[in-house]
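Asks: based on what follows, work out the 3D shape:
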Amino acid sequence: MKESEIILLAKDGIFQGKKVRGRIDETHISWVILTRKVVFKIKKPVKHSFLDFSTLKLRNERCNDEIILNRRFTDIYRSVVPIRIIGSKYIIGGKKGRIIDYAVLMKRMAVTKRMDNVLKQGGVRNSNIISLASVVSSLHRTCKPIYSPFVLSEARNLFNEIHGIEKFLIKNGEAEYRGIIAKSIQWSNTFLKHHQNRFQFRIDEGFKRDVHGDLHSGNIFLYRKPVIFDCIEFNKFFRQIDVLYEIAFLCMDLEAYNRGPLANKFLSEYNKIFNCFKLKEDVIIFNYFKCLRANIRAKVHAMSATQAENDIELQFHLAEVKKYLGLMRDYISA
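Replies: The predicted structure is shown next:
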């Protein structure tokens, strides 16, 4: 679907005999239509090096994958529903009309309970972190181990892709941040080569698992029992990772909000149930993973900045890029 069609669908589309009348949220790979009771997530018809939503068939397949994979973590995912058109009317579900796309149908959750919003209000407590660590560690213990080998060149390339945002920084008057990028790449190359045997041993020990892949505060609702949603369905290599890399994202995210003590609390509570630090070397590998997560967040915000519709959006994403590059600088100096 096109953005203009999404706007019409959200406003006047029909679902179960009633107008949708929803609000649109947008990411660089999807549109999300939020209504009072349900949510429709629609994949953009895009193709990148890391995903392919370019055809109707592929979008349908990835929607079904999203349902299956996320049901490991939560029951808010209901079904995949077709989006149809009859004349000039857009209909979600049903059996009549030509299918033009698909959507993942989800239960609507309270946005005020989404963890990133709670963090912004200073409302996350130790009790929330204890509950979250219990849920995540228990889930990780049940996730399937993956024994694919550690490949040094792949790990090096993943980190070094950060080099690609240099032109973006120069264009927006932030060329001085190029020094952080150059230093971090040199640091990463050395680190990976020196610790490659331990990365492989951790895989052999069963710490590489098919987990969530995108575990940050924007993908968690802090109910009494935390709800984890929106795992990565479009690329198994982003999801089949060391559990340290998984939890590094959340801990890095908490540190980005200047809530380091909460990150430490999460880590200690998680390890009570699923201890994934077997050697002292694992502690510095965890720090490496936090740096890599900051690296990827910087790249994502740089990509989003190129799609910004106005200067306010551009400046927001630019500030985020600079924030995560600053975190990278801290991690490589640790």
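Asks: chain center to whichever helix or strand C63 is part of, what's the gap?
Replies: Using DSSP states H and E, C63 sits in helix 56-70. Centroid displacement of helix 56-70 relative to its chain, using Cα atoms, centre = their mean, to the nearest Å, is 16 Å.
Asks: quick one: buried residues of it?
Replies: Across helix 56-70, burial judged by 16 or more other Cβ atoms under 10 Å covers 58-63, 65-67, 69-70. Every residue, glycine included, has its C-beta placed from N, CA and C.
Asks: and if you look at stretch 45-56?
Replies: Residues of stretch 45-56 classed as buried: 51-53 (neighbour count, 16+ other Cβ under 10 Å).
Asks: ends of that stretch, what's the gap?
Replies: Taking Cα to Cα, to the nearest Å, stretch 45-56 runs 8 Å from one end to the other.
Asks: likewise for stretch 304-315?
Replies: Span of stretch 304-315 from end to end, Cα to Cα: 11 Å.
Asks: what of stretch 27-46?
Replies: Note: stretch 27-46 ends 12 Å apart using Cα to Cα.
Asks: next one: that stretch to chain centre, how far?
Replies: On Cα atoms, centre = their mean, the centre of stretch 27-46 falls 15 Å from that of its chain.
Asks: and the pLDDT for the most centrally placed residue in the chain?
Replies: The residue lying closest to the centre of the chain (Cα atoms, centre = their mean) is D214, at 3.3 Å. If you check D214, the pLDDT there is 96.
Asks: what do you get for Y324?
Replies: At Y324, pLDDT is 97.
Asks: that one reaches E255, doesn't it?
Replies: No: Y324 is not in contact with E255 according to Cβ atoms under 8 Å; the separation is 10.8 Å.
Asks: which stretch of helix or strand covers G123?
Replies: Applying DSSP H and E, one finds G123 in no helix or strand.
Asks: so what does it look like in phi/psi?
Replies: Here is the backbone geometry of G123 (degrees, to the nearest 10): phi -100, psi 0.
Asks: again with I85
Replies: Phi and psi for I85, reported as degrees, to the nearest 10, are phi -130, psi 130.
Asks: same check, this time on I76
Replies: phi -80, psi -10.
Asks: neighbours around the closest residue to it other than its chain neighbours, how many?
Replies: Spatial nearest neighbour of I76, chain neighbours left out: K107 (4.2 Å); criterion: Cβ to Cβ, 6 or more residues apart in numbering. If you count neighbours by other Cβ atoms under 10 Å, K107 ends up with 14.
Asks: state the distance from the spatially most distant residue from the centre of the chain to G13.
Replies: Ranking residues of the chain by C-alpha distance from their mean position (Cα atoms, centre = their mean) puts G87 at the top, at 37.0 Å. Look at G87 and G13: by Cβ to Cβ, to the nearest Å, they are 13 Å apart.
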